[in-house]
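[1] fold the following.
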Amino acid sequence: MKTYFKALLAAIIFVPGLALANFQTIFNEMQREGVLQVELELSLATLESHARTDAEQAAVFRFTDKQGQAQEWSTEVNVRGRFRRRICEFPPIKIDFSKQDLKARGLLPFDDLKLVTHCQEGKEGQEAVLREYLAYQLYSKLTPYNFRAQLVEVTYIDTDTDARFTKYGILLEDTDELAARLNSEECEECYGLSASNINTEVYLTHAMFQYMIGNTDWSLAMGRNLKIMKPVDGGNYWISPYDFDFSGLVDANYAIPNQDVGQEFVGQRVYMGEKASRSDIDKTIRLFQAKKAELISCVETFSLLDRGSRKEMARYLEHFFDSLAKGDFFSDASFSTGDAKAVANGK
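    Modelled structure (predicted):
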């Protein structure tokens, strides 16, 4: 975390009566129930030419704030992601706001927002975004150590041709904002950590969640698709995941199985958590079982997906909860580090 954010976080923690909730951020300005309509005006030809680089390009970002006021921001965007940038027809991007502009408008300088895009054209691309958004929503119901996600409908305006098209996307809050909200700072060099370094409850909730949604595209040791945070007042690290497109719950048509952990097909559940005590695992299972109705309802009532997709996703989650109730999880799962195995196929 940059020096500025360390100083900011110190002020939030140590000044009486001061809390991050009392400050405003660009993400807070956009966060709301339902779908937020936004516009992103940029050169699509330039974006395509930058697909294999980190080069930035100018863009204009527009939305209507909670007070009903039209907001227009001059930003920089660049293509992000390792796998998706290679295979997506429309790659995921990062939107970089000007810290000076944020400060001038009375906002904290949390300036980098990830935009999860539709990747593939057509209905499948749109559905994958909606399914991945649901994954973020499900995780938020299990733990406060989560990236906040805002579902958006993005109208892309091509500055070269004036062409317009609208697609679903997901805006994720700035990593530094996530850290500051929870009095922590990102550990950017924390490779090789084991589960013993991580808050046990947070770690097991995360591992069980990834198992629940059938996602094997993560690694604590490699820091893959998760952020590792350190509380500024001491204590164990904690983690927060992102990128769930390879999960069985999302079932993106470009996803591939992770053969390194024994996954034979996308959606086959593989528990990748490290060894833990039976009592800690039992506690985690009780948490998930207590949340079952809420999690299933979150999927079943998400009207932006068609009924068939919601039923399919609900059945996939029900299979997970059935395995917990029957004790199959304990009889089949391996808890040895690096020896995860398939527990249920989820089909």
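[2] hey, where'd the helices end up in the stretch 101-250 of the chain?
    Using DSSP state H, counting those that start in this stretch, the helices of the stretch 101-250 of the chain run over 122-140, 175-181, 200-212.
[3] buried residues, the longest one. List them.
    Read that as helix 122-140. Going by neighbour count (16 or more other CB atoms under 10 Å), the buried part of helix 122-140 is 125-139. The way it works is simple: take the backbone N, C-alpha and C, and place the C-beta from them, glycine included.
[4] if we can go back for a sec, quick one: closest of the helices of the stretch 101-250 of the chain to Glu264.
    Closest approach to Glu264 among those (CB to CB): helix 200-212, 15.7 Å.
[5] what sits up against the closest one?
    Among residues not part of helix 200-212, those counted as contacts by CB atoms under 8 Å, 6 or more residues apart in numbering are 138-139, 142-143, 145, 195, 216, 218, 220, 226, 236, 238-241, 247, 269-274, 276, 280-281, 283-285, 287-288, 317, 320, 343.
[6] so which of these sit within strands?
    Members of the contacts of helix 200-212 lying in strands (criterion: DSSP state E): Leu226, Trp238, Ile239, Ser240, Pro241, Arg269, Val270, Val343.
[7] most neighbours of all these, which one?
    Neighbour counts for the ones in strands among the contacts of helix 200-212 (other CB atoms under 10 Å) peak at Arg269, which has 28 neighbours.
[8] beta partners of that one?
    Applying DSSP bridges to Arg269 gives these bridge partners: Ala344.
[9] same check, this time on Thr75
    Counting by DSSP bridges, Thr75 forms beta bridges with Ala59, Phe97.
[10] list the residues that contact Thr284.
    Here Thr284 is in contact with Glu201, Leu204, Thr205, Met208 (CB under 8 Å, 6+ apart).
[11] how close does it sit to Tyr203?
    Separation of Thr284 from Tyr203 (CB to CB, to the nearest Å) stands at 9 Å.
[12] wait, a helix at Phe61?
    No: counting by DSSP: H, G, I helix; E, B strand; the rest coil, Phe61 is not found in a helix; it is strand.
[13] can you give me the neighbour number for it?
    22.
[14] and if you look at the one 4 residues further on?
    The tally of other residues near Asp65 (other CB under 10 Å) stands at 14.
[15] of all the contacts of Thr284, which comes closest to Val79?
    Closest approach between the contacts of Thr284 and Val79, by CB to CB: Thr205, at 31.7 Å.
[16] my guess is Tyr237 contacts Met229. True?
    Yes: at 6.3 Å, Tyr237 counts as touching Met229 under the criterion of CB atoms under 8 Å.
[17] so the two - more neighbours on which side?
    Between Tyr237 and Met229, Met229 has the larger neighbour count (other CB under 10 Å), namely 25 against 18.
[18] residues in contact with the more buried one?
    If you count contacts by CB under 8 Å, 6+ apart, Met229 has them with Tyr145, Leu178, Ala179, Leu182, Ser184, Glu185, Glu186, Cys187, Tyr237, Trp238, Ile239, Ser240.
[19] wait, which of the helices of the stretch 101-250 of the chain is closest to Gln71?
    helix 175-181 (17.8 Å).
[20] distance from that closest one to the middle of the chain?
    13 Å (CA atoms, centre = their mean, to the nearest Å).
[21] same deal with stretch 143-162?
    In terms of CA atoms, centre = their mean, the centre of stretch 143-162 is set 13 Å apart from its chain centre.
[22] mind listing what's buried in it?
    145-152, 154, 156-159.
[23] and it, what's its mean pLDDT?
    The average pLDDT for stretch 143-162 rounds to 98.
[24] could I get the CA-only coordinates of that stretch as PDB?
    The C-alpha coordinates for stretch 143-162 follow below in PDB (Å, rounded to 0.1, in the frame of the first residue of the first chain):
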ATOM      1  CA  THR A 143     -18.300 -12.900   5.200                       C
ATOM      2  CA  PRO A 144     -17.600  -9.200   5.400                       C
ATOM      3  CA  TYR A 145     -14.200  -9.800   3.900                       C
ATOM      4  CA  ASN A 146     -15.400  -9.500   0.400                       C
ATOM      5  CA  PHE A 147     -14.900  -7.200  -2.600                       C
ATOM      6  CA  ARG A 148     -18.000  -5.100  -3.100                       C
ATOM      7  CA  ALA A 149     -19.500  -5.600  -6.600                       C
ATOM      8  CA  GLN A 150     -21.900  -3.400  -8.500                       C
ATOM      9  CA  LEU A 151     -23.800  -4.800 -11.400                       C
ATOM     10  CA  VAL A 152     -23.800  -2.300 -14.300                       C
ATOM     11  CA  GLU A 153     -25.200  -1.900 -17.800                       C
ATOM     12  CA  VAL A 154     -22.400  -0.300 -19.700                       C
ATOM     13  CA  THR A 155     -23.200   1.600 -22.900                       C
ATOM     14  CA  TYR A 156     -19.900   1.600 -24.800                       C
ATOM     15  CA  ILE A 157     -19.500   4.600 -27.200                       C
ATOM     16  CA  ASP A 158     -16.800   4.200 -29.800                       C
ATOM     17  CA  THR A 159     -15.100   7.500 -30.400                       C
ATOM     18  CA  ASP A 160     -13.900   6.300 -33.800                       C
ATOM     19  CA  THR A 161     -17.300   5.400 -35.300                       C
ATOM     20  CA  ASP A 162     -19.900   6.800 -32.800                       C
END
